[in-house]
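[1] Show me how the following folds:
(one chain, ligands or ions: 2)
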Amino acid sequence: MKLDKATIAKLAEHLENCELNAQDTLKITEEHPEMDWDDAYLIQEEIKRRKIARGTKIAGLKAGLTSFAKMKQMGVETPCFGFVTDYGCVPDGGEVKVNELIHPKVEPEIVFVMKHALKGPGCHIGAVLAATDFIMPGIEVIDSRYRDFKFDLKSVIADNTSASRFVIGSQIKAPSEVDMRTLGVVMEKNGEVVSLGAGAAVLGHPATAIAMLANHLGARSQEIPAGAMILSGGVTEAVAVKAGDNVTLKIQHLGSISMRFV
Ligand code: 0L1
Ligand code: MG
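    Ligands and ions are numbered 1, 2, ... in the order given. Prediction:
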């Protein structure tokens, strides 16, 4: 840890205000180049603490930058982890107000709901599959608070991995019912296909992202609790959206979901 507690609190307040007021900012490592990985996650934890103190509920966890397409798009080599909130949850077919956001992008995700808790270290794909209750389709809206998406991984982690809004579907499957690696994913914007892929784009198998999250939390004496909902990461690169756009996601065996930007 390189930053003191007061600096961590100040940066958390700044980044959260940027999120709540839809204002962009320069990446925080510009002013704090000494910041380390622990500092980045401590800033994110402080943002979570501030939200919970105001009555926000944590709706779930997320893994980000888990596909090779997204890592390439963002120029990074490691996944990152964050959380999603109750106010970020949009009903299937619902509206997202773009004036509450900075420069939103959408990405298709396979979402896990856990039957049992999972704790690293040593968590592997088999443990994840055994502990998963079901999977369902999800669209994550990411909205980095950094100007023109100019950031590095530490700044992104501090900014709760650009978490903003999400929609999840109601068609569920047990992990034993599908091969997640070959699940076809097609995302459309205004009726045009804008991205497509298969589950294997997420680290070879989306459950690998959940195992990495369990190991990440285990290193911090935390765990994935039973019942947790987890976004396993964008299967394809993220696509920019604006007011007037309709986004639909179809995932093989998991049906389709949509959201509108107004
Ligand atoms: O969900 C994610 O993949 C996190 C993305 C963070 C970087 C970005 O804003 O694109
Ligand atoms: Mg994502």
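[2] list the contacts for the closest residue to D39 other than its chain neighbours?
    Excluding its sequence neighbours, the residue lying closest to D39 (CB to CB, 6 or more residues apart in numbering) is L3, at 4.5 Å. Every C-beta, even on glycine, is put in place using the N, C-alpha and C of the backbone. The contact partners of L3, by CB atoms under 8 Å, 6 or more residues apart in numbering, come to 11, 32, 34-35, 39, 42.
[3] same check, this time on K97
    K97 touches V262, counting by CB under 8 Å, 6+ apart.
[4] From V202, how far off is it?
    The gap separating K97 from V202 is 29 Å, by CB to CB, to the nearest Å.
[5] F81 now?
    F81 sits 14 Å away from V202, going by CB to CB.
[6] Looking at those two, which has the bigger crowd around it?
    Each of F81 and V202 has its neighbours counted (other CB atoms under 10 Å); V202 has more, 30 against 22.
[7] surely the more buried one meets M212?
    No. V202 is beyond contact range of M212, at 10.5 Å (criterion: CB atoms under 8 Å).
[8] Neighbours of the closest residue to ligand 1 within the stretch 151-262 of the chain, how many?
    Residue nearest to ligand 1 within the stretch 151-262 of the chain (CB to the nearest ligand atom): S162, separated by 3.3 Å. By other CB under 10 Å, 27 other residues sit near S162.
[9] Tell me how far it lies from S155.
    Taken as CB to CB, the span from S162 to S155 is 10 Å.
[10] Any idea what the closest residue to ligand 1 within the chain is bridged to?
    Nearest to ligand 1 in the chain, going by CB to the nearest ligand atom, is G64, at a distance of 2.7 Å. Counting by DSSP bridges, G64 is bridged to C80.
[11] quick one: pLDDT of it?
    Looking at G64, its pLDDT stands at 96.
[12] That one against S232, yeah?
    No. At 9.7 Å, G64 and S232 do not qualify as touching, with contact defined as CB under 8 Å.
[13] So for those two, which sits in the more crowded spot?
    When G64 and S232 are compared for neighbours, S232 comes out ahead with 31 against 28, by other CB under 10 Å.
[14] For the more buried one, grab phi and psi.
    Here is the backbone geometry of S232 (degrees, to the nearest 10): phi -90, psi 0.
[15] so what's it up against?
    63, 66, 109-112, 202, 206-207, 209-210.
[16] can you put those residues in TSV and add secondary structure and distance to P121?
    Below are the contacts of S232 laid out as TSV (DSSP: H, G, I helix; E, B strand; the rest coil; distance: CB to CB, whole Å):
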residue	secondary structure	distance to P121
A63	strand	17
T66	coil	19
E109	strand	25
I110	strand	24
V111	strand	24
F112	strand	19
V202	strand	21
P206	helix	20
A207	helix	17
A209	helix	16
I210	helix	14
